[in-house]
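*Asks:* sequence-free structure coming up:
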């Protein structure tokens with residue numbers, strides 16, 4: 001296996017479009033907090049706006065993703081990204097607007113482009129040979145790690161150094177710039193007719209263990225991001241180390257994605273994903289137990305390495321489990337599932353921090369992740385027993401296109 005398989009002009013074009021579409025997503029929650037933080041009760045309002053944005057993503061991803069036409073997705077993707085750009089521009093242009101108005105813009109910014117992530121991923125795997133899907137998704141994971149590593153620093157610098165609304169205006173400009181780039185890419189990723197709604201729902205539902213693993217993986221990321229400052233305070237370490245530590249985790253995830261794509265790994269994809277989840281859980285658990293900064297940094301870096309593998313194997317598992325016509329919808333449902341996992345764990349951790357130490361809150365979150373992992377493992381075994389293995393393409397339903405090997 002080699003990354004040369006994915007080195008093409010179309011993949012490079014796709015990368016520019018994907019980065020322009022995803023940087024705003026990575027910037028949004030923090031940018032909304034900085035936008036209103038100087039108002040009375042600004043941090044609370046910022047948290048509410050960020051939550052509204054995430055709710056928009058969680059609702060919009062499956063609803064719009066299931067409506068994407070695998071043959072002619074371009075107009076739908078363009079409309080969603082353009083509407084998302086308006087959602088980002090609104091608060092940037094009207095930073096002093098009523099909270100309800102800001103909330104409406106945040107909801108639009110989250111919901112309208114929510115299907116773009118799944119659509120772009122399905123489009124990427126259609127641009128490369130079937131056997132190079134792992135390398136293509138590794139490239140996507142490296143880009144994602146870079147985006148999430150750089151975006152928080154960009155938001156902080158622009159909001160504090162220029163003006164609070166500038167990060168949102170930049171997000172709007174980037175998302176708007178991604179729209180014309182779609183016309184340099186294929187219109188869709190499948191030639192066959194679209195499946196019926198009932199058939200697609202049945203196919204998507206059969207892959208539910210993969211969605212659970214996605215929620216489990218992001219619940220661990222929520223723990224690392226949201227509880228880390230409180231943990232550092234508990235350990236007597238300067239809270240300012242939170243940024244560098246999370247940057248190191250993101251960098252390790254990028255390295256992990258690159259290493260994963262260099263070779264073919266043994267074992268079935270669902271089993272591999274679950275083992276990687278257990279490894280990531282152990283690493284995040286060590287973050288809660290180790291007393292010093294070097295140990296915490298090392299544990300977070302290991303968690304980042306495992307995180308890349310979890311993300312890649314879950315996407316590859318979903319690709320094996322679904323026909324091409326349902327891929328974008330499946331990725332969109334995954335997007336919603338991981339957002340729900342992140343939000344649920346963040347809520348649990350926030351509630352526990354009022355009652356117990358940060359280290360205990362992290363360990364409780366790890367316990368929740370292991371429960372989700374066990375549920376996914378049970379679903380994977382049950383699927384094999386009943387012939388609906390989520391790591392293997394299901395039997396074709398009426399009106400469902402059959403995936404060719406590779």
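*Replies:* Done, it's in. Keep in mind that this is a model prediction, so the values were computed, not measured.

*Asks:* domains in this protein, as residue ranges please.
*Replies:* 1-131+152-191, 195-406 (automatic domain parsing).

*Asks:* In space, not sequence, find me the middle residue of this protein.
*Replies:* When CA atoms, centre = their mean is applied to the chain, the residue found nearest the centroid is residue 335 (5.9 Å).

*Asks:* Enumerate every residue touching it.
*Replies:* With CB atoms under 8 Å, 6 or more residues apart in numbering as the criterion, the residues that contact residue 335 are 57, 61-62, 65, 114, 117-118. C-beta here means a position set from N, CA and C on the backbone, and glycine is covered the same way.

*Asks:* For the host helix or strand of residue 125, name the packing helices and strands.
*Replies:* Using DSSP states H and E, residue 125 sits within helix 116-126. If contacts are counted by 3 or more CB pairs under 8 Å, 6 or more residues apart in numbering; DSSP states H and E, helix 116-126 sits against helix 9-36, helix 42-65, helix 74-93, helix 133-161, helix 324-353.

*Asks:* Distance from that helix to the middle of the chain?
*Replies:* Helix 116-126 sits 13 Å away from the centroid of its parent chain (CA atoms, centre = their mean, to the nearest Å).

*Asks:* residues in contact with that helix?
*Replies:* Identification of contacts with helix 116-126 by CB under 8 Å, 6+ apart yields 11, 14, 17-18, 21-22, 25, 61, 65, 68, 70, 73, 76-77, 80-81, 84, 133, 136-137, 140, 185-186, 188-190, 315, 319, 324, 327-332, 334-335.

*Asks:* sorry, back to before: nearest to residue 298, out of the contacts of residue 335: which one, please.
*Replies:* For the contacts of residue 335, the residue nearest residue 298 by CB to CB is residue 117; the value is 30.9 Å.

*Asks:* Just the pLDDT at the closest one, thanks.
*Replies:* On pLDDT, residue 117 comes in at 90.

*Asks:* Residue 205: how many residues sit nearby?
*Replies:* 11 (other CB atoms under 10 Å).

*Asks:* That one and residue 300: what is the separation?
*Replies:* Computed as CB to CB, to the nearest Å, the residue 205 to residue 300 distance reads 35 Å.

*Asks:* ok, back up a step: ok now do the closest residue to the residue nearest to the centre of the chain other than its chain neighbours, which residues does it touch?
*Replies:* Computed as CB to CB, 6 or more residues apart in numbering, the closest residue to residue 335 that is not its neighbour in sequence is residue 61, at 4.2 Å. By CB under 8 Å, 6+ apart, the residues touching residue 61 are 114-115, 117-118, 332-333, 335-336, 339.

*Asks:* from those, which single one is nearest residue 345?
*Replies:* residue 339 (11.1 Å).

*Asks:* which non-adjacent residue is nearest that closest one?
*Replies:* Leaving out its chain neighbours, the residue that sits closest to residue 339 by CB to CB, 6+ apart is residue 58, at 4.6 Å.

*Asks:* ok, back up a step: between the helices and strands packed on helix 116-126, which one is nearest to residue 262?
*Replies:* Nearest to residue 262, of all those, is helix 133-161, at 8.3 Å by CB to CB.
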